[in-house]
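**Student:** just coords:
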């Protein structure tokens, strides 16, 4: 997960979203910091870590998966036990996996089954979230990511209203609105600039930081760098390689190579 990816931004800005998904009190988020932690033995970082500010609460390791990955459970637990061995925290831990859809999940290896039985591993399928139930702002944003096109359009104004009414920080409100705009822009890749602009009722789309950094400098002016940088986030939203190549007007083989890397 890149530090500027959608889910990283979501949990960084709205850490209570994790506890909402787990049906735990949202106030628990006040006892945690969402961090990216280096794993020296693996020469990589583990991005989705909710670290508590006391010893009574467990550490949460979070993995979001929108693609096939037969080795996900092996990789996640390797990272977890490398972290535990390297940092030797006093707290217990929990692992949470957010699969975009149940069909992507793979059989849980038997030696990890006890973790699930003990409640130390929670598996959530985002395509099975209850869209009729009202959740916190973060989970509602996740529902926007998972929603079909027509339903997503209907959710836009509601999310903007929630951001304006529920957040008491103008800076956080702006960040969340721009995150929603980013999701919509990736989700409706075949829309014209004018059509997209009509969807943003609370802000001037062309003045947002996201537009200035990605679309004005990338797609609209034809710079290939801007297009290439948007590919990982489009993949995370579930678009196929062919859809991305067509939407960005890029060579199919180039998109494949970037996706593989």
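**Tutor:** That came through, no problem. Not measured: the values here are computed from a predicted model.

**Student:** which intervals of the stretch 51-200 of the chain have sub-threshold pLDDT?
**Tutor:** By pLDDT under 70, the weakly predicted segments of the stretch 51-200 of the chain are 189-200.

**Student:** ranges for the strands of it?
**Tutor:** Using DSSP state E, counting those that start in this stretch, the strands of the stretch 51-200 of the chain run over 59-65, 93-99, 121-125.

**Student:** and stretch 228-244, which residues are buried?
**Tutor:** 229-239, 241, 244 (16 or more other Cβ atoms under 10 Å). C-beta coordinates here come from the backbone N, C-alpha and C atoms, glycine included.

**Student:** show me which of those is closest to residue 54.
**Tutor:** Distance to residue 54, by Cβ to Cβ, is smallest for residue 236 among these, at 32.4 Å.

**Student:** can you give me the offset of stretch 110-118 from its chain's centre?
**Tutor:** Centre-to-centre, stretch 110-118 and its host chain are 26 Å apart (Cα atoms, centre = their mean, to the nearest Å).

**Student:** over to stretch 13-20?
**Tutor:** Taking Cα atoms, centre = their mean, the mean C-alpha location of stretch 13-20 is offset from the chain mean by 11 Å.

**Student:** cool, stretch 245-254 as well?
**Tutor:** That offset, for stretch 245-254, works out to 23 Å (Cα atoms, centre = their mean).

**Student:** in this structure, which spans are helices?
**Tutor:** For the chain, the helices defined by DSSP state H occupy 6-13, 16-21, 72-87, 110-117, 137-146, 149-166, 170-187, 193-199, 209-210, 224-236, 241-248, 252-260.

**Student:** in the fourth one, which residues are buried?
**Tutor:** Applying a neighbour-count criterion of 16+ other Cβ under 10 Å, one finds 112, 115 buried in helix 110-117.

**Student:** the inter-axis angle of it versus helix 72-87?
**Tutor:** 80 degrees (axes from the mean of the first three to the mean of the last three Cα atoms, to 10 degrees).

**Student:** just name whatever secondary elements helix 110-117 is in contact with.
**Tutor:** In this structure, helix 110-117 makes packing contacts with helix 72-87, strand 121-125, judged by 3 or more Cβ pairs under 8 Å, 6 or more residues apart in numbering; DSSP states H and E.

**Student:** show the average pLDDT along stretch 227-242.
**Tutor:** The average pLDDT for stretch 227-242 rounds to 79.

**Student:** surely residue 12 is in contact with residue 35?
**Tutor:** No - Residue 12 is beyond contact range of residue 35, at 9.2 Å (criterion: Cβ atoms under 8 Å).
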